[in-house]
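> Following is a predicted model, sequence given first.
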There are 2 protein chains.
Amino acid sequence: MQEKMELLKSRIADIAHLSHAGAVLGWDQNTYMPPAGATGRGNQLAVISRVAHEWATAAEMGKLLTDLESYAAQLDPDSDDACLIKVSRRDYDIETRVPSQFVEEQSRTTSLAFSAWVEARQKSDFSIFLPHLEKVVELNQRFAAFFPEFEHPYDALLDQFEPGMKTEEVKAIFAALRPQQVELIKAIADQPEVDDSFLHQSFDEQKQWDFGVEVIRKFGYDFQRGRQDKAPHPFTTSFGLDDVRITTRIDPQFLNPMLFGSMHETGHALYNLGFSRSLENSGLDSGASLAVHESQSRLWENLVGRSMPFWQHFYPRLQEVFPQLTDVSLERFYKGINKVQPSLIRVEADEATYNLHIMLRLELEIAMLEGSLALKDLPQIWNQKMKDYLGVEPHNDADGILQDVHWSYGNLGYFSTYALGNLVSAQLWEKIQQDVTDLDDQIRQGRFENLLGWLRENVHRHGRKFEPQVLIERVTGSRIDPAPYMRYLNKKYGQIYGISE
Amino acid sequence: MQEKMELLKSRIADIAHLSHAGAVLGWDQNTYMPPAGATGRGNQLAVISRVAHEWATAAEMGKLLTDLESYAAQLDPDSDDACLIKVSRRDYDIETRVPSQFVEEQSRTTSLAFSAWVEARQKSDFSIFLPHLEKVVELNQRFAAFFPEFEHPYDALLDQFEPGMKTEEVKAIFAALRPQQVELIKAIADQPEVDDSFLHQSFDEQKQWDFGVEVIRKFGYDFQRGRQDKAPHPFTTSFGLDDVRITTRIDPQFLNPMLFGSMHETGHALYNLGFSRSLENSGLDSGASLAVHESQSRLWENLVGRSMPFWQHFYPRLQEVFPQLTDVSLERFYKGINKVQPSLIRVEADEATYNLHIMLRLELEIAMLEGSLALKDLPQIWNQKMKDYLGVEPHNDADGILQDVHWSYGNLGYFSTYALGNLVSAQLWEKIQQDVTDLDDQIRQGRFENLLGWLRENVHRHGRKFEPQVLIERVTGSRIDPAPYMRYLNKKYGQIYGISE
């Protein structure tokens, strides 16, 4: 059996090397590739995906996994090998259930859909994207039909990104969350507006870059095992355990994109750098789910990076780098970076309003998949919901229904993981503060090694060994739970806006 | 048959996409990869090479090529399809003759040899590299033995880089060349030394970069289809017809590396950007040989970039960018960048002495392959030959026997293509000047489109359709011939050094 286990690992490692190669190509595509390189890059990526898919769905792989089931049964179910066999079986069953022909059709459809979305967004005209969205929805309906065992077709979509998560559970979580967030936002709206005008002035690009690097080095990001580059839409990518790269975007007139963007991506990267060495190239060396991944990025960006202790340490340094902030007190700066204001664009939303953007999208996606709304009416429905949930209304499609790229990639079922990630970040934070009782003091001293150590020990090293809810329950004692996030929001924004609890 | 032809093309295109993917990984490795990424990168490249090799040597490929032979016989032998079948057959026969096991052994050996060479060079200690060089030589002997049809084993090595070229022919060319080059160098040595001290001062790195970009844009390098990055050892690489990238190195105290380096790599890149669109991803969209490739880089670097007409156009601009050159006349500058001085390092050698460095290496490589010298004696033999040919003697191994990386890559048989490239560049130049009679005037006006157009029409578009000597004879009327290069050297350096002819 040991031989078969080794063979399985070597087959999976080959697939891992190939997908890391594909990731390098994707990184280059989004950072340095000259414009005319796009067609060739598409061909290169298509060949790599095809080979990886062939290998992942090979009959030999299925036979190996079947042969190893009895072996797995004798192992400690938490052992690397037992988890590897279990997760690989799951991956294999999913990959083989979806016909290659479907994958190719999906690839062709989304390649066109993406170009159409770019044009539609530029022209702020939903009708350009509509026929492509129709195909994307149809493909997602057909995809869901490959998995008839799910209670709701949306479960099949969700399961790709958040293994084990059910639509009903997400709905229940959001139902508990929404009234509380709405109430908080209303209370904030009754208070005087916070001033953040000082964040909108000229900030030298190189100095922004250097300050960001200073921060993420302190977080523990290792430039021997990664690097940062510029990209219009920042992302994190991994080519294995020792090459995990981040990207950032710099706005010379606004400090936030670089500052919180770099911290956000570093949160993702620290997760990918923290998988146990024993899982290297095993297919388990990736995040447990998108929500867990997002919990890491949001934790460093928000719970650390928008906290008072963090800025007690870093603000004098920021003022040194940018003397234009000399007259802005720490207090004012802290309030400014935490300003709450319902707005149109999800990716620019603050912590208090962000999840409402997600809830809106979840409702729409479920209705789209069920066929219970006419896609052509989406812009109107979107705008109405924005008004209902956030009290703001887009004046055009570009700032409304067309703002996110995800549907053009062919993905439905993705958005809720962003909100779930916020919730998990607060759940973890409560637990960390119980275990590292002087964490705030450490952060005030610019020390993050105990925080990172805790995350590595409790979250990172396990990679994808456990289902996300199992992992979260092991660490925090409960499944995904909105209460800690609401406690966090209420306390923080109660203080900032002087709202009595 | 048309179907089989299409099938062949599609199989070859898949291999091309895969090797372009590998080239992206190689580019990243030499430009941006963080240090710890090396092991993973090795794994990724190994998997890609393995798959590409499997595809290239598949029995189906052999059968397709056999089936298509009768079809090829009916075609115009100069047609794309006829050339494709012929060249693919050649590639297939070579690839299948070398066992996979040998390729893996070679890969392991050279991976270790490279690390050893790096260490040996750092410590300037040949004994560290010696055991690895022994293995490299042995591997090359075994490689040559896979091709017993060659008259001399060195022919088998040469043939990889310079299809159709024979050791005897190279020896004859070099035998004709050497006394003439030695004579010229002696005559130069009798003249007063040229002053090039003004090239060795502080030159702002960004300004150097910008000036280089200005020049190569004028040459016709298209930044929509390529880009330039920094690399310690500059190179050109292609990911298809629409993404051909160059790299350069900037020395803040010396203008030449960036200036002539960027022009050199652009010469390579313009070749790769000029293959006929009809050859895209056919395997014929690469250079006819290393010598023909080098003829393109050397043509732009030397025959254009170190010429008087070029600097009549660009020198005022260079002086504007670098006011420290204000007091250096065009005449002095031109002599400075063409200074002849026998020196230890091949890559820094001037046009008049360069080929002698190559001749020395060819003699050593043939002797190594024949086993007619003891490898441990190489440093002494090297130093003695340097003294005999160039009148200079290395004081240590780093500047002598260890200066080139090529052997550590496992390559014997490569060096002579550099000298042959010089010869071809001058052959082409004589022909171009017959066809574009006012070329010097055009260059004086900073116009290169007719030059580039000529090269595209006569050389670039054919890619690898014809054997290099066939191509050169078609264009210039003769096989590789040292006479034009000697005419060029004697005229140019006769003027610069005031030597009467």
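On my side now, so go ahead.
> Can you list the neighbours in contact with the helix or strand encompassing A:Asp81?
Assigned by DSSP states H and E, A:Asp81 belongs to helix A:80-97. The contact list for helix A:80-97, computed with CB atoms under 8 Å, 6 or more residues apart in numbering or on different chains, reads A:5, A:8-9, A:12, A:53, A:56-57, A:61-62, A:65, A:68-69, A:71-72, A:75-77, A:146-147, A:160, A:163, A:276, A:278-279, A:282-284, A:464-466. C-beta coordinates here come from the backbone N, C-alpha and C atoms, glycine included.
> By neighbour count, sort out the buried ones in the residues you listed.
A:5, A:8-9, A:12, A:53, A:56-57, A:61, A:65, A:68, A:72, A:75, A:147, A:160, A:163, A:276, A:279, A:282-284, A:464-466 (16 or more other CB atoms under 10 Å in any protein chain shown).
> how far does the helix holding A:Asp81 sit from the chain's center?
23 Å (CA atoms, centre = their mean, to the nearest Å).
> in what helix or strand does the residue nearest the centre of chain A lie?
For chain A, A:Glu294 is the residue whose C-alpha lies nearest the centre (CA atoms, centre = their mean; 4.0 Å). Using DSSP H and E, A:Glu294 falls within helix A:290-298.
> What average pLDDT does the very next helix or strand once past that helix get?
Proceeding N to C from helix A:290-298, the next assigned helix or strand is helix A:308-321, under DSSP H and E. Computed over helix A:308-321, the mean pLDDT rounds to 98.
> again with stretch A:132-152
pLDDT averaged over stretch A:132-152 gives 96.
> and if you look at stretch A:426-442?
Rounded mean pLDDT across stretch A:426-442 is 98.
> what's in contact with that stretch?
In contact with stretch A:426-442 (CB under 8 Å, 6+ apart) are residues A:295, A:299, A:303, A:307, A:309, A:448, A:450-451, A:454-455, A:458-459, A:472, A:475-478, A:480-481, A:484-485, A:487-488.
> Surely A:Leu139 is in a helix?
Yes. Under DSSP: H, G, I helix; E, B strand; the rest coil, A:Leu139 falls within a helix.
> contacting residues around it?
A:Leu139 neighbours (CB under 8 Å, 6+ apart): A:Phe102, A:Glu105, A:Gln106, A:Thr109, A:Gly410.
> Buried ones from those, can you make that a PyMOL selection?
Buried members of the contacts of A:Leu139, defined by 16+ other CB under 10 Å, are picked up in PyMOL with:
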select buried, chain A and resi 106+109+410
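> burial measure for the closest residue to A:Ile345 other than its chain neighbours, as a count.
Excluding its sequence neighbours, the residue lying closest to A:Ile345 (CB to CB, 6 or more residues apart in numbering or on different chains) is A:Gln403, at 5.9 Å. For A:Gln403, the count of nearby residues is 17 (other CB atoms under 10 Å in any protein chain shown).
> Domain-wise, how is chain A divided?
Following automatic domain parsing, chain A resolves into domains at A:2-161, A:164-501.
> now the strands for chain A?
A:228-230, A:236-238, A:244-248 (DSSP state E).
> quick revisit: and the gap between the closest residue to the residue nearest to the centre of chain A other than its chain neighbours and chain B?
Distances taken as CB to CB, 6+ apart put A:Gly421 closest to A:Glu294, at 2.5 Å, once the chain neighbours are dropped. Distance of A:Gly421 to chain B, given as CB to the nearest CB, to the nearest Å: 27 Å.
> now swap in A:His17 and tell me
For A:His17 relative to chain B (CB to the nearest CB), the value is 4 Å.
> so that residue touches B:Val47, yeah?
Yes. Using CB atoms under 8 Å, A:His17 makes contact with B:Val47 at a distance of 4.3 Å.
> Can you tell me how far A:Asp435 is from chain B?
30 Å.
> near chain B, which residues of the stretch 301-450 of chain A?
Residues of the stretch 301-450 of chain A found near chain B (CB under 8 Å from any CB of the partner chain): none.
> OK, contacts around the residue nearest to A:Glu294?
A:Gly421 touches A:Leu290, A:Ala291, A:Val292, A:His293, A:Glu294, A:Ser295, A:Ser297, A:Arg298, counting by CB under 8 Å, 6+ apart.
> mind running it again at 6 Å?
A:Ala291, A:Glu294, A:Ser295, A:Arg298 (CB atoms under 6 Å, 6 or more residues apart in numbering or on different chains).
> where does the residue in the stretch 401-501 of chain A that chain B sits nearest to fall, phi/psi-wise?
Scanning the stretch 401-501 of chain A for the residue nearest chain B gives A:Gly463, at 16.0 Å (criterion: CB to the nearest CB). The phi/psi pair for A:Gly463 (degrees, to the nearest 10) reads phi 50, psi -130.
> Thought A:Gly287 was touching it, still the case?
No. Look at A:Gly463 against A:Gly287 with CB atoms under 6 Å: they stay out of range, at 7.5 Å.
> ok, those two, which is more surrounded?
Taking other CB under 10 Å, A:Gly463 and A:Gly287 do not tie; A:Gly463 has more neighbours (27 against 21).
> Distance check, the more buried one against A:Leu290.
Separation of A:Gly463 from A:Leu290 (CB to CB, to the nearest Å) stands at 14 Å.
> how much space between A:Tyr418 and A:Thr109?
24 Å.
> picking up where we left off before, from the contacts of stretch A:426-442, which land in helices?
If you go by DSSP state H, the contacts of stretch A:426-442 have A:295, A:309, A:450-451, A:454-455, A:458, A:472, A:475-476, A:484-485, A:487-488 in helices.
> and those, which are buried?
A:Ser295, A:Pro309, A:Leu451, A:Trp454, A:Leu455, A:Asn458, A:Ile472, A:Val475, A:Thr476, A:Pro484, A:Tyr485, A:Tyr488.
> Include distance to A:Ala82 when you put the residues you listed into CSV, please.
Shown next, in CSV, are those (distance: CB to CB, whole Å):
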residue, distance to A:Ala82
A:Ser295, 25
A:Pro309, 41
A:Leu451, 30
A:Trp454, 25
A:Leu455, 24
A:Asn458, 20
A:Ile472, 20
A:Val475, 20
A:Thr476, 23
A:Pro484, 31
A:Tyr485, 33
A:Tyr488, 36
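> Pull the most distant pair out of these.
Farthest pair in these (CB to CB) is A:Pro309 and A:Ile472. Separation: 25.0 Å.
> longest helix in chain A, by residue count?
helix A:2-31.
> So for it, mean pLDDT?
Here the average pLDDT along helix A:2-31 is 96.
> Ok, stretch A:66-77 next?
Computed over stretch A:66-77, the average pLDDT equals 95.
> chain center to it: distance?
The answer for stretch A:66-77 is 33 Å, by CA atoms, centre = their mean.
> So which residues on the stretch 151-300 of chain A come close to chain B?
Proximity of the stretch 151-300 of chain A to chain B, by CB under 6 Å from any CB of the partner chain, involves residues A:Gln224, A:Arg225, A:Gly226, A:Arg227, A:Phe239, A:Gly240, A:Asp242, A:Asp243.
> Now for A:His17 and B:Val47: what residues contact both?
Joint contacts of A:His17 and B:Val47 (CB under 6 Å, 6+ apart) do not exist.
> Alpha carbons of the helix or strand of chain A with the lowest mean pLDDT, as CSV, please.
One helix or strand of chain A scores below all others by mean pLDDT, DSSP states H and E: helix A:100-123, with a mean of 89. Only the C-alpha atoms of helix A:100-123 are listed here, as CSV (Å, rounded to 0.1, in the frame of the first residue of the first chain):
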residue,chain,number,x,y,z
SER,A,100,-14.3,17.7,-20.8
GLN,A,101,-16.6,19.0,-23.6
PHE,A,102,-18.5,21.0,-21.0
VAL,A,103,-15.2,22.4,-19.6
GLU,A,104,-14.2,23.5,-23.1
GLU,A,105,-17.5,25.1,-23.8
GLN,A,106,-17.3,26.9,-20.5
SER,A,107,-13.8,28.1,-21.4
ARG,A,108,-14.9,29.4,-24.8
THR,A,109,-18.0,31.1,-23.3
THR,A,110,-16.3,32.8,-20.5
SER,A,111,-13.4,34.0,-22.8
LEU,A,112,-16.0,35.8,-24.9
ALA,A,113,-18.1,36.9,-21.8
PHE,A,114,-15.0,38.5,-20.3
SER,A,115,-14.3,40.7,-23.4
ALA,A,116,-18.0,41.6,-23.6
TRP,A,117,-18.1,42.5,-19.9
VAL,A,118,-15.0,44.8,-20.4
GLU,A,119,-16.8,46.5,-23.3
ALA,A,120,-20.1,46.7,-21.5
ARG,A,121,-18.6,48.2,-18.4
GLN,A,122,-16.6,50.8,-20.4
LYS,A,123,-19.8,51.8,-22.2
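> Much appreciated, bye for now.
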